[in-house]
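>>> missing the sequence, but the structure's below:
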């Protein structure tokens with residue numbers, strides 16, 4: 001067995017005090033985000049985080065797994081509870097046609113198993129310990145973007161957890177995603193089959209892992225047809241949630257084009273339906289006809305995409321099933337804490353509506 005890694009070794013590697021390293025790994029305040037990230041990365045490379053995980057009491061893990069496998073009760077006459085962590089509540093919340101439906105799926109699955117659900121919107125790791133009581137929880141399901149420091153705190157508490165539509169290279173876990181890359185490739189292929197050869201990708205690839213995967217599926221499909229994509233000009237960095245900001249950015253982009261829009265791409269491939277709805281609004285304002293002049297596609301198939309003035313061609317993500325599958329993955333993890341982590345990808349469906357047409 002290799003020699004144990006100490007906090008002092010990490011401190012020596014990053015040139016900081018052991019106290020600063022301890023605070024960073026515990027998710028406490030007083031350390032800048034950049035410094036915390038450097039400490040976590042060094043700790044991961046040295047194997048410290050993995051070492052800490054294996055030092056957790058095997059007896060406690062076995063007990064939790066046994067109870068979860070039997071009747072999911074942690075205490076006599078009390079239901080086990082799963083915490084649903086949604087810290088980015090300003091952008092990802094229950095009102096969303098995407099995130100809210102995923103949480104509904106989680107709730108449905110837990111209800112069928114007679115399990116309770118606790119939704120947490122705490123956005124800093126510092127207060128998580130007081131909210132998460134390991135002796136009362138079966139585990140944690142993360143929904144959307146969650147900081148590394150918060151995930152480290154969940155891991156430090158010894159709680160099994162699963163991430164939905166998010167992953168963290170520094171804190172490995174089971175993850176559940178839609179088949180983003182393959183589905184976007186199919187959508188882009190549909191536009192190519194309609195005769196389109198001038199494209200825009202609308203979406204900030206830094207917004208989420210899903211957006212990055214959708215960009216990769218789009219770009220790979222075009223390049224396979226010898227259509228080169230310049231990542232600097234071939235995409236617009238639009239937010240996945242702020243429709244008003246997206247509308248302003250698109251208005252500015254179109255205002256800068258020559259009269260008659262001779263250089264306007266004929267196919268706008270949007271990273272999600274929220275962005276596509278902003279695109280439809282701006283095109284209508286500018287008097288540009290959809291789909292006669294520009295075809296617009298979305299991704300996710302939120303309810304609004306079906307009810308738009310021009311119903312949106314999109315990819316149907318099985319959002320309820322994403323939530324249900326996350327519950328199943330968490331229960332699998334409680335039964336077998338040491339099994340390899342899994343990245344689960346759920347198939348999606350291409351939905352053709354009125355916002356796309358041939359050239």
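Looks like it came in fine. Computed from a predicted model, the values in this text were never measured in an experiment.
>>> Can you report how many residues lie near residue 276?
31 (other C-beta atoms under 10 Å). (Each C-beta comes from the backbone N, C-alpha and C, glycine too.)
>>> A strand includes it, no?
No - checked against DSSP: H, G, I helix; E, B strand; the rest coil, residue 276 lies outside a strand; its state is helix.
>>> That one touches residue 310, doesn't it?
No - using C-beta atoms under 8 Å, residue 276 is not in contact with residue 310, being 10.0 Å away.
>>> so what sits against both of these two?
Common neighbours of residue 276 and residue 310, using C-beta atoms under 8 Å, 6 or more residues apart in numbering, are 296, 355.
>>> Report whether the expected contact of residue 136 with residue 81 is present.
Yes - contact criterion C-beta under 8 Å: residue 136 and residue 81 qualify, at 6.1 Å.
>>> Give me the more crowded residue out of those two.
A count of neighbours by other C-beta under 10 Å puts residue 81 above the other of residue 136 and residue 81, at 18 against 15.
>>> list the contacts for the more buried one?
Counted by C-beta under 8 Å, 6+ apart, residue 81 has contacts 115, 116, 117, 118, 136, 137, 138.
>>> Which single one of those residues is nearest to residue 8?
Within those, proximity to residue 8 (C-beta to C-beta) peaks at residue 137, which comes in at 32.3 Å.
>>> Can you verify residue 293 is assigned to a strand?
No - under the criterion used here (three-state DSSP), residue 293 is coil, not part of a strand.
>>> Okay, it and residue 333: tell me how far apart.
To residue 333, residue 293 is 50 Å away according to C-beta to C-beta, to the nearest Å.
>>> Looking at these two, which one has more neighbours?
residue 333 (22 against 14).
>>> right, and that one touches residue 172 too?
No - the criterion here is C-beta under 8 Å, and residue 333 misses it with residue 172 at 12.0 Å.
>>> among the helices and strands of the chain, which has the poorest mean pLDDT?
helix 58-70 (a mean of 40; mean pLDDT, DSSP states H and E).
>>> just to revisit the earlier point, neighbour-wise, which of the contacts of residue 81 leads?
Of all the contacts of residue 81, residue 138 has the most neighbours under the rule other C-beta under 10 Å, reaching 28 neighbours.
>>> Let me know whether my guess that that residue is in a helix holds.
No - Residue 138 is assigned strand when assessed by three-state DSSP, not a helix.
>>> Helices of this structure, start to end?
Ranges of helices within the chain are 7-14, 18-25, 33-46, 48-54, 58-70, 99-112, 128-131, 148-156, 180-193, 209-224, 243-255, 273-285, 303-307, 319-335, based on DSSP state H.
>>> Now do the buried residues in the longest one.
In other words, helix 319-335. For helix 319-335, the neighbour count (16 or more other C-beta atoms under 10 Å) marks 319-327, 329-334 as buried.
>>> pLDDT averaged over that helix - what is it?
Helix 319-335 comes out with an average pLDDT of 95.
>>> Report the residue ranges of every domain in the chain.
Segmentation of the chain into domains, based on automatic domain parsing, reads 1-55, 180-317.
>>> remind me which residues of the protein are low pLDDT?
For the chain, the stretches with pLDDT under 70 are 1-3, 27-29, 33, 49-79, 89-94, 123-127, 129-130, 134-135, 257-262.
>>> what separates residue 146 from residue 230, distance-wise?
In terms of C-beta to C-beta, residue 146 sits 32 Å off from residue 230.
>>> More neighbours: which of those two?
residue 146 (25 against 7).
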